Structures are given as C-alpha cells and as structure tokens.
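In: Build me a model:
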Amino acid sequence: MSAPADNDVSRAPTGVRAPGRARLAARTLRTDRWWLSPLLTVLGLATFVVYATVRAFVRTAYWVPEYHYLTPFYSPCVSTSCVDGSSHFGHWFGEMPSWLPLGVLVLPFLLGFRLTCYYYRKAYYRSVWFSPPACAVAEPHARYTGETRLPLIVQNVHRYFFYVACVVSLVNTYDAVVAFQSPSGFGFGLGNVILVLNVVLLWAYTLSCHSCRHVTGGRLKHFSKHPVRYWIWTQVTKLNTRHMTLAWTTLGTLVLTDFYVMLVASGAIADLRFVG
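Out: I've put the predicted structure just below:
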C-alpha cells in the first residue's frame, strides 16, 4: 500500500493544523476592510460592559418614587440597602456590602446567558479571540479544541441560563406594569414607553434563543403528532432568524432604559407625562 500523500488531511491529529492548507506568506489575500466588523463588535461590547459595570456599582439614581421607575440593572432589588419603595418583592437580604451590586441576585445569570448565547459566542470568538477574525483570514492559534474543555465547556449550560432569563424577564415585565403610576394614581409617561419597549424586546431576544427552539420542539420526532408544539416551534424559528439583531438591540434598550431612569431619578430632566 502506498504511503498517504502529504496533503492527506484525514490523518491529521486532533487539535493540530492540517498540512493541506496552502502555504501563504501573507495572513490573507483579502484587500477589503475585513477588520472593520470585528473592530466594531469589540467597541460595541466593550462600551456596554463598561457602562453596565459602572451603573451596577454606583448605587445612585436607579429608582423614581413618583412613577415607580426602576432600572433593569437593579431589578429585583431585594436588599435592605435598596432605597425605599424599590423592593417590589420585599427584602430577602440585609445590608449589602458596598463592593457588591444591588442586582447581584440576577446579574451573574444574565451575564452567563449573554456570554453563552450562540450569537455572542460567534461575536467574541471572532472579534476578541480571532478564531477566526473573518472569512479567508488565518487565525493566530495553532491548536483547536472546540468547547470540549475548560473554560469553554461551560458554554453547554446555556439552556439553564435561558430558564433563569425567562424568570428575570417576568420580573422586568412586572416592573414595567407597576410603573403605570403617578402621585395621583394611574398615569404614564415617556418612561413607561421606554420600560415597555425594553421588556418587549428583551422577551423577543430571550424567546428567539436557540435553547427556546430546543425546548419547544427539539425532542419531537413527529411534528404531525404535536401540532401545537410544532406551531410554537415554527414561530420561535422565525424569531430566531432575528436573534443577532435582537442581541444588539436589547443592549441598546437596556442602556437607554437605565440612562433615562438615571436622568429622571437624579433630577437632571423631568419625565414627559401623558397622563398623570
């Protein structure tokens, strides 16, 4: 039997670059601005992370008592450290140390949900780890092991973060509903519009998740025997095609909602009221 050819990639060891790839001195032959997309992705993600981190720790201007506006970065606020009226679900903990954000109960799970999201994985794998940074652009890594070992094996718990995200979305929905108040009773203003818009888009992002598709129809072998679940699965699948758009849009609405509540709570602006 003849020896295998030098470019026989089928015999390449796992985790080692196959020798069959064309040997090029240049990293890529692309002449377009392929680096722009990963650069914008890094800038967008970094901007959100910096803003959200600062706001989560400052502990100021997160609650508007007149209209019951509560920023999502502090919901649910269940510590006695929370300002009066902002604890919609009571006090579960005593004084929170200053080095912990008041939203610590859910923020780690929401962070885990976003970090393990299929779209965000694609985004930061390419833009942060350059694995690969773009099509037809060589990556700097000599080995590839996928998500089979720490820390990336943790990505497989995404569906459990999805369950927690659904609960948090219910909490955010409650916050948006109870905010239809004014000192004289029922009322709504621009803040209510922003809160409701944020909640609707958060639900859309959460339900467009790949894990939601699996929950609704991933284990069915015969769709014809489960018409209701098949219909739900088809609707989630349609929403799933917009998952990337919703992933970015909800980062923007979270910042917008928090920023607006902060401005109103700090007295920098007055809420534009339509009723009450």
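
In: Please tell me the pLDDT value assigned to the closest residue to residue 128 other than its chain neighbours.
Out: Closest residue to residue 128 apart from its sequence neighbours, by Cβ to Cβ, 6 or more residues apart in numbering: residue 42 at 6.4 Å. Backbone N, C-alpha and C define where each C-beta goes, glycine included. If you check residue 42, the pLDDT there is 95.

In: and residue 42, how many residues sit next to it?
Out: By other Cβ atoms under 10 Å, the residues close to residue 42 number 15.

In: roughly how far apart are it and residue 35?
Out: 10 Å (Cβ to Cβ, to the nearest Å).

In: Next: residue 92.
Out: 47 Å.

In: Check residue 224 and give its pLDDT.
Out: For residue 224, pLDDT reads 87.

In: Helices along the stretch 101-250 of the chain, start to end?
Out: Taking DSSP state H, counting those that start in this stretch to define them, one finds helices in the stretch 101-250 of the chain at 107-115, 118-127, 158-178, 190-207, 210-213, 227-240, 243-266.

In: Run through who's touching the helix or strand of the chain with the lowest mean pLDDT.
Out: Here the helix or strand of the chain ranked lowest by mean pLDDT, DSSP states H and E is strand 181-182, holding a mean of 90. Residues external to strand 181-182 that are found in contact with it (Cβ atoms under 8 Å, 6 or more residues apart in numbering): 66, 67, 68, 187, 273, 275, 276.

In: how close does the first one get to residue 263?
Out: This means residue 66. Relative to residue 263, residue 66 is positioned 14 Å away (Cβ to Cβ).

In: Over to the fourth one?
Out: Using Cβ to Cβ, residue 187 is found at 18 Å from residue 263.

In: Looking at these two, which is more packed in?
Out: In terms of neighbours (other Cβ under 10 Å), residue 187 is the more surrounded of residue 187 and residue 263; the figures are 19 against 16.

In: which ones are touching the residue nearest the centre of the chain?
Out: Nearest to the mean C-alpha position of the chain, by Cα atoms, centre = their mean, lies residue 114 at 3.4 Å. Residues in contact with residue 114 (Cβ under 8 Å, 6+ apart) are 120, 247.

In: All set, thanks.
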